[in-house]
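[1] test case, fold it:
(one chain, ligands or ions: 2)
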Amino acid sequence: MLENLIKSMPKAELHLHIEGSLEPDLMMELAKKHQVTLPYSSVEEVAEAYQFDNLQSFLDLYYLGASVLVDENDFFQLMWRYLLKCKEDNVVHCEIMFDPQTHTQRGIDYATFMNGFTRAIQKAKEEWGQSSYLILSFLRHLSEEQALETFEQARPYLHLCKAVGLDSSEKGNPPEKFARVFEKASNLGLKKVAHAGEEGPPDYIWNSLNILGVDRIDHGVRCVEDSELMAYLIEHQIPLTVCPLSNIKLCVFDTMSDHNIVELLNHNLKVTINADDPSYFGGYLNDNFLSVYRSLGLSKDQIIQLAINSFEASFLPESNKQYWCQRLNSL
Ligand code: ADE
Ligand code: ZN
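    Ligands and ions are numbered 1, 2, ... in the order given. Have a look, this model is predicted:
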C-alpha cells in the first residue's frame, strides 16, 4: 500500500519555519504563562481564525502567534515538539528555518532562542539520532540595514547555522534588496536559500539565483510562467522546496487537484515536498505527501523520487546523501 510507503520511508524536510509549527495548545499555554493577550479565548477559536486569503493575511497571525515565545524553555518546547513529529513521520533529517527578527524586534535576545533551539536539537540527536540543521532567515519586509544588523548580532551563533534564507512578504520586496547580506553569508561559507515565486513573479526566482546565488528556491511554483526559467531549473537541477498544503491555504492554487507539483516532477525538476508552517496549514510532512497522493496520484517511483530529491537537495555531506538514496532505491 503506497500510503504506508509514504509514511514509513525515510525523508528529509527542507522548508519548515519553526515559528510556524507553534500549535494552538502551546500558544494558549504560553500566552497564559506570560500574560500575553491574544484575540482567541480557546484552542478551537485559534483554529477557526486560520482562514487566509493570501500570504500577508497568514503572516499577520504568524507574527502575532510568535509573540507568546518569550523564555528559553518556550523555544526549547517549540523545537522539541517539532522534532518529535519528525520522529513520528520518519523525517530523518530536517533543515529548519527560524526568523531572528521576529524575536529580537520584541526584545528577546539571541541567546534565549538559540539556546532553546540547540538544546532540543541536541536532545533529539542523542535520543534517536535525529539530524537537524538550522537556517537563519531574514524578514524581507524589513530593511537591508536591519538584515545587516541581524547578521552582525548572529555572528557568535553562526557556527550553529548551515544556511541563510529569505522569507516574509514577497511582493514588493525583491531578492536584490538583500544582495549584500547574502554575500557576507556566502563569504563565511554559509549555504543560501530564498523564498521566491510563491506569490512573487518568476523574475524573483531569476534574481535569487543570479544575484543572491542561492542553492535552492523555497516554493518556486510560479516558475511555470517562464519557459526559459523552467529550462534553466531543469538543466541545473535547482531544487524547489514545494509546500502543497501551504499553497492551498494561501490561495496560490484553488485546490490540491490544481497544484502543479506532479507536473513539475514530470518535467524532471528537482522538487521536494515540505510542510512550511504545519500548525497553520493543516499538516506536517506526511500529511502533505498524503494530500498530494490522494488528490493528484503518485506512482511508487514518483514517491521514492520525491524522497530521493529531499536528500539530494539537502545540505548533508555526499556520503550521507548516498546512504539514504541507496536505502530508498532498495524499497
Ligand atoms: N514565513 C513563514 N512562512 C512563510 C511563507 N510561506 N512565505 C513567506 N514567508 C513565510
Ligand atoms: Zn516558507
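
[2] what does the one helix or strand in the chain whose mean pLDDT sits lowest contact?
    Lowest by mean pLDDT, DSSP states H and E among the helices and strands of the chain is helix 43-49, with a mean of 94. Here helix 43-49 makes contact (CB atoms under 8 Å, 6 or more residues apart in numbering) with 24-25, 27-28, 38-40, 61. Where you see a C-beta, it was placed from the backbone N, CA and C, and this is true even at glycine.

[3] for the stretch 201-331 of the chain, which segments count as helices?
    Listed in chain order, the helices found in the stretch 201-331 of the chain under DSSP state H, counting those that start in this stretch are 202-207, 227-235, 244-249, 261-266, 278-281, 285-296, 300-312, 318-329.

[4] run the chain-centre distance for the least confident helix or strand of the chain.
    Relative to the centre of its chain, helix 43-49 is centred 23 Å away, using CA atoms, centre = their mean, to the nearest Å.

[5] now it: buried residues?
    46, 49 (16 or more other CB atoms under 10 Å).

[6] ditto for stretch 163-183
    Within stretch 163-183, the residues that count as buried by 16+ other CB under 10 Å are 163-170, 173-178, 181-182.

[7] what about it, distance to the chain center?
    Distance, centroid of stretch 163-183 to centroid of chain: 15 Å (CA atoms, centre = their mean).

[8] again, but for stretch 281-296
    So, by CA atoms, centre = their mean, the centroid of stretch 281-296 is 15 Å from its chain's centroid.

[9] what are the ranges of the strands in the chain?
    Taking DSSP state E, the strands of the chain run over residues 11-17, 91-98, 131-139, 163-167, 191-196, 216-219, 240-242, 271-273.

[10] list of residues touching the fifth one?
    In this structure, residues lying in contact with strand 191-196 by CB under 8 Å, 6+ apart are 135, 140, 162-168, 170, 175, 178, 182, 185-186, 204-205, 207-208, 212-220, 241, 315.

[11] could you do the longest one as well?
    The contact list for strand 131-139, computed with CB under 8 Å, 6+ apart, reads 17, 83, 86, 92-102, 117, 121, 124-125, 146-147, 150-151, 154, 158, 160-168, 178, 181, 193, 315-316, 320.

[12] contacts only, for the nearest residue to residue 255 once chain neighbours are set aside.
    In space, residue 255 comes closest to residue 248 once its chain neighbours are excluded; the distance is 6.7 Å by CB to CB, 6 or more residues apart in numbering. Counting by CB under 8 Å, 6+ apart, residue 248 makes contact with 254-256, 259, 281.
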